[in-house]
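A.B. asks: following is a predicted model, sequence given first.
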Amino acid sequence: MQGPRPVVLSGPSGAGKSTLIKKLFKDYENIFGFSVSHTTRQPRPGEVNGKDYHFVTREEMKKEIDAGEFLEHAEFSGNMYGTSKAAVQAVQAQNQICVLDVDIQGVKNIKRTDLNPIYISVQPPSMDVLEKRLRDRQTETEESLLKRLSAARVDLELSKEPGLFDLVIVNDDLEKAYSELKEVLLKEIQKTQESRKS
Ligand SMILES: Nc1ncnc2c1ncn2[C@@H]1O[C@H](COP(=O)(O)OP(=O)(O)OP(=O)(O)O)[C@@H](O)[C@H]1O
Ligand SMILES: Nc1nc2c(ncn2[C@@H]2O[C@H](COP(=O)(O)O)[C@@H](O)[C@H]2O)c(=O)[nH]1
């Protein structure tokens, strides 16, 4: 039997992707699995290597890309990010719904593969709100914050491309955004729950 369709969550940094993903994983234990990306950025306080990301050097990452080990990769805000084929396969081997958190370049690159995920864009209600959320998160320097806001403007423009996303969620009210996310994933969630019974 074919496994569940993966899910790609994209959207500007600070729009709320990780927050929504954490809620899904808490409410649907063992149904979803996270595709752990590689990145060359420094870990934030509390981030765990191998769980939040595989934190690697630029040299290590380039070597693995050259060896054909990545499904997609991109440069974002001065760092490299990428999804290894192994990260997706590890989740699919558990018959879980694979969740990928990637930027808009990742979306475009994944479209060229045979992954066939559901594409969801999580967007902030406004640039002002996005800036406030990123500042309040206290993870960025002023320089990286400005880079992320600039990338966000590009992201929001490119996201208007017809057909690029199956669903756009404006994350104003978190519970409303979460309901919309669950609704679009309902079929895959039910399919995965059913397969657990057999
Ligand atoms: N609906 C919401 N209302 C208010 N605050 C929110 C909402 N959703 C998320 N946040 C807060 O906004 C901040 C950014 O959210 P989050 O880290 O989930 O964004 P992200 O899209 O995963 O960012 P990145 O791409 O940088 O990882 C967090 O501090 C989070 O608690
Ligand atoms: N193309 C890819 N983009 C990725 C991947 N993993 C994360 N991301 C995106 O990077 C930015 C910044 O993330 P942060 O953790 O530094 O805040 C965000 O938009 C993510 O969606 C990946 O494997 N490929």
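C.D. replies: Perfect, thanks for sending it. Residues are numbered from 1 along each chain as shown. Ligands and ions are numbered 1, 2, ... in the order given.

A.B. asks: for the longest helix seen in the chain, buried residues please.
C.D. replies: The longest helix of the chain (DSSP state H) is helix 174-197. Residues 177-178, 180-181, 185, 188-189, 191-192 are the ones in helix 174-197 that count as buried (16 or more other C-beta atoms under 10 Å). For glycine as for every other residue, the C-beta is placed from the backbone atoms N, C-alpha and C.

A.B. asks: where along the protein do the strands fall?
C.D. replies: For the chain, the strands defined by DSSP state E cover 7-10, 32-34, 38-39, 54-55, 70-76, 79-84, 97-101, 118-123, 167-170.

A.B. asks: next, the angle from the longest helix of the chain to strand 118-123.
C.D. replies: Orientation note: helix 174-197 sits at an angle of 160 degrees relative to strand 118-123 (axes from the mean of the first three to the mean of the last three C-alpha atoms, to 10 degrees).

A.B. asks: quick check: mean pLDDT of helix 174-197?
C.D. replies: For helix 174-197, mean pLDDT rounds to 96.

A.B. asks: next one: it to chain centre, how far?
C.D. replies: Relative to the chain's own centre, helix 174-197 is displaced by 17 Å; criterion: C-alpha atoms, centre = their mean, to the nearest Å.

A.B. asks: what packs against it?
C.D. replies: helix 17-27, strand 97-101, strand 118-123, strand 167-170 (3 or more C-beta pairs under 8 Å, 6 or more residues apart in numbering; DSSP states H and E).

A.B. asks: out of these, the one nearest Thr39 is which?
C.D. replies: Each of the helices and strands packed on helix 174-197 has some distance to Thr39 by C-beta to C-beta; the shortest is strand 97-101, at 11.0 Å.

A.B. asks: does ligand 1 sit close to that closest one?
C.D. replies: No - taking C-beta under 6 Å from any ligand atom as the criterion, strand 97-101 and ligand 1 are apart, separated by no less than 6.7 Å.

A.B. asks: same question for stretch 43-55.
C.D. replies: No - Stretch 43-55 stays clear of ligand 1 (C-beta under 6 Å from any ligand atom), getting no nearer than 9.4 Å.

A.B. asks: contacting residues around that stretch?
C.D. replies: 36-42, 84, 87, 139 (C-beta atoms under 8 Å, 6 or more residues apart in numbering).
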